[in-house]
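Novice: turn this into a model:
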Amino acid sequence: MKNGLWVFLSFLLLSAPLSAQLSGLVLDAKNNDPLAGANIYLAGTTIGTTTDSEGYFQLPDFRPSPGDTLVISFVGYIEKRLKLSNYRNPSTIYLTAAALQLGENIESWADRLDLARQEMPHITAEVKAAEIERYGSAEISDVFKKIPAVRLEGNDIDGRQIQIRGSNAGEVNVYLDGILINDLSAGNAADLSLIAVENIHKLEVLKGGSLPLLGSGAFGGVINIISRHEIESNMQFKSRLGSFETRSHQLSLNVPVHKNFYLSFFGQISSMKPEIEYFPSERFSEKTSAAAIETDKTNLSLNLDYFIGGHRLNARVYQYSLEYSKPGWQDVRRNLLAALVWNTRNDFTLSISQTIGRDEVDRSTVASTHYLYDYDTQRLNLRTTQKLEWRRIELNLLGDYFHDELENISRLKNLAGTSTYYRSELYDNRLAGAAVLSFTDRIDSLGNKYLKTFIGFREDLTASGYSRFTNNFGLNFDYRRGRWNHRPFFSYGKNVRFPTLIESAYAGELSIYTATDTIRQGLEPEFNSSWEVGAESEYSFRTPLIRSFSLALSLFHNQIYNKILTRPFGDALIQSQIGRNTTRGAELSAALKEIWSGLTLTASAMKLDISDKLLYDYKPESSLSLQAEYFHPAGFYLTTLYFIEGRSYAWYYDQSNTLRTTRIDGNWDVDLSAGYRFRLGGFEFNLQASGYNLFDNYSFDYYYLRKKFLQASLSVKHG
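Specialist: Predicted coordinates for the structure are as follows:
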């Protein structure tokens with residue numbers, strides 16, 4: 001039996017096509033970056049292929065004919081044609097970027113101007129729309145489960161808050177189409193509820209505290225979300241039913257209004273009854289079930305693209321609303337984001353954005369007494385970026401201006417009327433400049449070895465009197481040998497996080513805050529020093545059995561001092577600046593792609609060592625995930641994910657003001673999603689059923705984000 005199996009496998013391997021005789025690399029002529037997805041084919045034939053993620057291609061076997069021409073093309077670049085008789089095999093082919101023409105894919109703009117691609121060397125994880133769609137979850141926390149060292153927790157009241165490598169949520173910067181969405185509360189955390197999962201085109205995770213362009217104050221890293229907007233005319237409608245009486249309906253439209261004017265719209269309304277109370281005494285135990293809780297959400301986005309003379313003008317608006325209600329508690333939350341962006345053909349960008357948030361809470365202990373809380377925030381951001389290239393030198397410049405405002409009003413309403421017992425008006429202005437300079441050196445004549453050196457700088461100035469300069473350094477080595485491609489890297493840098501408006505106000509011991517009080521400087525910035533060393537490797541099999549194997553490993557060290565501590569004590573908040581912590585860790589990920597053309601297997605693991613576990617509480621010491629994805633050309637697909645989180649530690653003050661600590665044991669669970677995509681006439685249907693946290697091992701410990709959830713959905717797309 002064993003011999004028969006080896007014979008069968010040997011037959012498959014021997015029957016596979018022989019290694020192609022025609023191969024090479026396709027690179028950008030200016031910066032030597034590989035061009036993934038470039039088309040290579042013989043003119044007038046069906047013989048062709050595309051480049052892989054490293055720009056490598058290999059044509060299938062063919063019989064050459066006199067006069068054969070090899071064509072190499074890529075969106076946004078000038079097509080190249082080579083006589084086959086003159087082609088030296090293998091060769092490196094350089095394509096020159098062309099001015100973007102009307103009607104070309106908008107994604108080429110996003111790739112060219114994406115600051116995440118210009119940052120210091122670091123480990124990056126990326127999840128695209130097709131993978132999100134197959135996974136099926138409408139809960140954004142599920143999307144991050146397979147990414148090592150990244151996790152979400154929270155609820156409708158606190159929001160979906162993300163952590164990277166054991167960081168706090170306020171130490172992660174989150175961008176939505178270039179707009180910073182971290183709020184102005186004391187925690188400075190972003191609520192990822194602002195964007196619907198189905199409206200994500202691409203989600204990028206940049207890990208590490210050494211990111212001068214996007215990561216100011218982000219000791220853990222950066223989340224970069226790019227929303228969907230297309231130029232092809234289409235319309236899609238989707239409905240979903242699920243546990244906790246979940247109902248969700250969404251509509252997306254992409255309309256070419258004119259030959260150079262495109263409109264994209266996305267809208268979603270959803271409701272559910274999460275059945276979970278948030279009593280402090282149940283912080284580490286089974287939550288109380290309360291069927292009276294109801295939540296209603298709305299996500300809307302509108303995107304306009306106008307192309308003129310090789311330039312692009314983009315306008316975008318996002319709106320998120322939440323209505324949370326239960327007996328004695330009503331919470332209405334509104335968020336609005338608007339931006340206007342101008343991109344030029346020479347890689348210059350000017351953008352202006354405005355974010356507005358309003359949170360209104362009405363709490364009542366008896367019918368005649370209501371406690372009213374209004375929390376209003378505004379942020380104005382003016383940003384300019386410029387990318388300059390000369391031979392093998394690249395310079396990316398960024399300038400930022402922020403104006404932040406916060407107003408907090410607390411009132412008491414009873415039979416005697418309404419009175420204000422607390423009011424704060426806070427504001428600050430911040431100006432920043434950053435630059436990343438990189439040099440690319442070709443070490444060998446064949447272009448198989450490259451060394452790229454990075455130097456980064458950042459200067460921040462605030463109206464409240466803070467001023468800090470930080471610097472970064474990195475190396476990225478690219479080495480190709482046969483079918484292997486290795487990319488080791490190193491980065492080191494410093495980062496600084498300035499106190500939030502509320503933290504500065506607490507330090508001033510002010511009970512009533514006014515606009516004139518906010519220029520007071522009572523706290524020092526928090527500082528971070530971090531380094532990371534790692535490598536990414538990929539082996540291309542190029543056989544019918546399997547396409548490639550990839551492996552990524554990273555070791556990191558993150559030291560924070562001057563940490564601001566805010567601790568509850570009865571009805572008061574005690575604030576000090578004595579926090580100090582060192583986080584060390586390692587993460588590993590591996591993938592086998594396109595086994596038998598349809599199966600992809602991925603695995604990831606993470607291990608953390610946090611020196612002060614009570615300063616950084618609720619941070620699992622380890623994690624593991626195993627995922628299998630299968631997609632059949634006929635339209636059937638299946639995704640399953642097994643994940644484990646290790647133990648973590650936490651503290652709290654009980655109702656008698658006694659400090660208590662606890663250890664939270666680790667848990668495991670399984671997600672499963674299956675669907676079928678098919679066409680009828682001019683319509684494409686996608687029918688899907690999925691379940692998350694199927695074994696319910698987390699119970700209510702982390703609210704319903706980790707509760708067993710079943711759902712079914714149907715989407716219909718035309719165009």
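
Novice: what's the pLDDT at residue 659?
Specialist: Residue 659 is assigned a pLDDT of 70 by the prediction.

Novice: that one: how many residues sit nearby?
Specialist: A total of 11 residues lie near residue 659 under the criterion other C-beta atoms under 10 Å. Quick note: C-beta positions are derived from backbone N, CA and C, even for glycine.

Novice: and for residue 647?
Specialist: When neighbours are defined as other C-beta under 10 Å, residue 647 has 12 of them.

Novice: how about it: what's its closest non-neighbour residue?
Specialist: Among residues not flanking residue 647 along the chain, residue 666 sits closest, at 4.8 Å (C-beta to C-beta, 6 or more residues apart in numbering).

Novice: which residues touch that neighbour?
Specialist: Taking C-beta atoms under 8 Å, 6 or more residues apart in numbering, we find residue 666 in contact with 620, 622, 644-648.

Novice: these: which two are farthest apart?
Specialist: By the measure C-beta to C-beta, 644 and 648 form the most distant pair in the contacts of residue 666, at 12.7 Å.

Novice: neighbour-wise, which of these two wins?
Specialist: Per other C-beta under 10 Å, whichever of residue 644 and residue 648 has more neighbours is residue 648, with 21 against 16.

Novice: wait, isn't that one in contact with residue 614?
Specialist: No: look at residue 648 against residue 614 with C-beta atoms under 8 Å: they stay out of range, at 10.8 Å.

Novice: where does residue 154 land on pLDDT?
Specialist: 74.

Novice: host element of it?
Specialist: Using DSSP states H and E, residue 154 maps to strand 150-155.

Novice: related to what we said a few turns ago, can you flag which of the contacts of residue 666 belong to strands?
Specialist: Applying DSSP state E to those, the entries found in strands are 622, 644-645, 648.

Novice: hey, where'd the helices end up in the stretch 451-600 of the chain?
Specialist: 501-507 (DSSP state H, counting those that start in this stretch).

Novice: how about the strands in it?
Specialist: For the stretch 451-600 of the chain, the strands defined by DSSP state E, counting those that start in this stretch occupy 467-481, 484-497, 526-540, 548-569, 572-595, 599-610.

Novice: now do the second one: which elements does it pack against?
Specialist: The helices and strands touching strand 484-497, judged by 3 or more C-beta pairs under 8 Å, 6 or more residues apart in numbering; DSSP states H and E, are strand 449-462, strand 467-481, strand 526-540.

Novice: any chance of these in CSV, plus mean pLDDT?
Specialist: Formatted as CSV, those follow (pLDDT from 0 to 100):
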stretch, mean pLDDT
strand 449-462, 92
strand 467-481, 90
strand 526-540, 93
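
Novice: dump the ones you listed into TSV; add distance to residue 128 and mean neighbour count as well.
Specialist: Output for the helices and strands packed on strand 484-497, formatted as TSV (distance: least, C-beta to C-beta, whole Å; neighbours: other C-beta atoms under 10 Å):
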stretch	distance to residue 128	mean neighbour count
strand 449-462	25	18
strand 467-481	23	18
strand 526-540	18	20
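
Novice: now those in JSON lines, with distance to residue 23?
Specialist: Below are these laid out as JSON lines (distance: least, C-beta to C-beta, whole Å):
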{"stretch": "strand 449-462", "distance to residue 23": "18"}
{"stretch": "strand 467-481", "distance to residue 23": "12"}
{"stretch": "strand 526-540", "distance to residue 23": "10"}
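
Novice: what angle separates the strand with the most length in the chain from strand 467-481?
Specialist: For the chain, the strand that runs over the most residues, judged by DSSP E, is strand 417-442. With axes from the mean of the first three to the mean of the last three C-alpha atoms, to 10 degrees as the basis, strand 417-442 and strand 467-481 are set at 40 degrees to each other.

Novice: could you give the mean pLDDT of strand 417-442?
Specialist: The average pLDDT within strand 417-442 is 88.

Novice: could you point out which element follows the lowest-mean-pLDDT helix or strand in the chain?
Specialist: Least confident element among the helices and strands of the chain, by mean pLDDT, DSSP states H and E: helix 2-15 (a mean of 40). As assigned by DSSP H and E, the chain's next helix or strand after helix 2-15 is strand 23-28.

Novice: who's in contact with that following strand?
Specialist: Residues outside strand 23-28 that contact it (C-beta under 8 Å, 6+ apart) are 33-35, 38, 40, 51, 54-59, 72, 74, 77, 89-95, 97, 447, 480.

Novice: distance of the nearest residue to residue 179 once chain neighbours are set aside from residue 241?
Specialist: Sequence neighbours aside, residue 353 is the residue nearest to residue 179 in space, at 4.8 Å (criterion: C-beta to C-beta, 6+ apart). Separation of residue 353 from residue 241 (C-beta to C-beta, to the nearest Å): 36 Å.

Novice: these two: which is more packed in?
Specialist: Between residue 353 and residue 241, counted using other C-beta under 10 Å, the more crowded position is residue 353 (21 against 13).

Novice: the more buried one touches residue 318, doesn't it?
Specialist: No: assessed by C-beta under 8 Å, residue 353 is found out of contact with residue 318, at 10.3 Å.

Novice: what do these two both touch?
Specialist: Both residue 353 and residue 318 are contacted by 337-338, under the criterion C-beta under 8 Å, 6+ apart.
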